[in-house]
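**Q** model this:
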Amino acid sequence: MSGFIKSSVARKIAMALSAFFLIIFLLQHFIINFTSVISPEKFNELSHFMGTNGLVQFLLQPVLIFGIVFHFIMGFILEARNRGARAVKYVKYSGNANSSWMSRNMLISGIVILLFLGLHFYDFWFPEIAHKYIEGAPADATRYYGELVAKFQDPIRVGLYCLAFVFLALHLYHGFSSAFQSVGARNKYSPGVRKFGIAFSIIIPLGFIFIALFHHFNSL
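**A** Sure, this is the predicted structure:
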């Protein structure tokens with residue numbers, strides 16, 4: 001494992017693979033949440049399934065948590081190594097001349113996203129765990145939509161969510177194409193992949209912002 005961490009190529013590939021995994025989860029999470037705008041009943045149905053299915057709860061959920069932790073740890077390691085490499089450089093590092101603002105500030109956007117995940121877990125995951133395993137409350141397949149709407153009544157919380165999604169867009173904008181480059185996916189499809197990554201990094205965060213604003217203003 002230590003040899004793996006010390007290998008620059010292996011670190012980048014591991015970072016890319018964890019990014020692909022989290023991108024797939026993000027898309028799935030967005031699709032489920034977007035149903036709350038279209039059909040509260042369908043949102044309740046999907047949320048109840050995700051919250052009670054044994055495969056999701058005891059296999060996929062731990063894998064997801066591990067993926068999140070692993071991705072952020074690898075991100076911090078890569079940033080530390082990159083900063084160390086720039087400290088002993090042969091070619092002068094010159095801001096925008098060598099890289100974009102987003103690539104130079106992936107750590108900042110990552111930290112904001114990590115803080116947001118803490119808020120998101122506090123709002124939804126911890127209450128869910130308490131409801132099922134601490135309080136021992138009976139299953140209620142109709143409660144999810146009401147709980148979601150209740151969280152988005154607070155304008156400060158909605159503002160924090162929207163700000164976090166802006167940083168998510170910035171993180172995805174650079175991270176999507178960077179992940180494909182890290183696994184050596186450079187071919188005739190690269191321009192198309194890059195365009196898809198740009199579209200994904202804009203549409204998905206904007207979609208989450210729309211969901212938050214929709215429920216906030218719809219509850220006034």
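
**Q** Distance check, the residue lying closest to Ala19 once chain neighbours are set aside against Leu148.
**A** Taking C-beta to C-beta, 6 or more residues apart in numbering, and ignoring the residues beside it in sequence, Ala19 has Ala179 as its nearest neighbour in space, at 4.3 Å. Placement of C-beta: from N, CA and C, glycine included. The gap separating Ala179 from Leu148 is 30 Å, by C-beta to C-beta, to the nearest Å.

**Q** How is Phe30 assigned, secondary-structure-wise?
**A** Under DSSP: H, G, I helix; E, B strand; the rest coil, the three-state class of Phe30 is helix.

**Q** show me the contacts for it.
**A** Counting by C-beta atoms under 8 Å, 6 or more residues apart in numbering, Phe30 touches Ile204, Gly207, Phe208.

**Q** can you check Ile13 too?
**A** Taking C-beta under 8 Å, 6+ apart, one finds Ser182, Val183 in contact with Ile13.

**Q** Quick check, pLDDT for Thr52.
**A** With respect to pLDDT, Thr52 scores 92.

**Q** That one reaches Ala139, doesn't it?
**A** Yes. The pair Thr52 / Ala139 is scored as a contact, 6.5 Å apart, by C-beta atoms under 8 Å.

**Q** residues near Ala139, how many?
**A** Residues contacting Ala139 under the criterion other C-beta atoms under 10 Å number 10.
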